[in-house]
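J.: Could you look at this predicted model? Sequence included:
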Amino acid sequence: MAVRILTLVGSLRAGSHNRRLAEAAVQIAPDHVEVGLFDGLDTVPFYNEDIDAEGSVPAAAVKLREAAVEADALLLVSPEYNGTIPAVLKNAIDWLSRPYGAGALTGKPVAVVGTAFGQ
């Protein structure tokens, strides 16, 4: 059985170096590892506990959570923005870490990689 790794890319920019890094991870993964890129982080609304209730969770957030639940591990590919991570990636982490103690990230290994053009 293959190990499934869900990859979230923090850069939405077309031609992003970090997107290309994530695509390279897909290409060079060993045979027993499936690396999948999640598309659609830009459609996930900002986390709001008021809409994180059964029957009212936005479809894009449900899709993200389902993908994370199915994965064995996560790979976060992130550029550095203003000394921190991009808002789109932080938002994904917010959705995946809720509800507290039982979110889709619970018990899963997570790795972070990134690249930057310049120093």
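T.: Nice, thanks for sending it over.
J.: list the contacts for Ile28?
T.: With contact set as Cβ atoms under 8 Å, 6 or more residues apart in numbering, Ile28 has no partners. Every residue, glycine included, has its C-beta placed from N, CA and C.
J.: can you give me phi and psi for it?
T.: Taking degrees, to the nearest 10, you get phi -100, psi 0 for the backbone angles of Ile28.
J.: got it, and Ala25?
T.: The phi/psi pair for Ala25 (degrees, to the nearest 10) is phi -60, psi -40.
J.: Quick check: it touching Leu75?
T.: Yes - in terms of Cβ atoms under 8 Å, Ala25 counts as a neighbour of Leu75; the distance is 6.5 Å.
J.: shared neighbours of the two, anything?
T.: Counting by Cβ under 8 Å, 6+ apart, the residues touching both Ala25 and Leu75 are Ile5, Thr7, Val35, Val113.
J.: quick one: Ala67 is in a helix?
T.: Yes - using DSSP: H, G, I helix; E, B strand; the rest coil, the assignment for Ala67 is a helix.
J.: what pLDDT does it get?
T.: Predicted confidence (pLDDT) for Ala67: 98.
J.: before we move on, what about Gly55?
T.: 93.
J.: Make 34 the first number, not 1, from now on.
T.: Sounds good: first residue 34 from here, last item Gly88.
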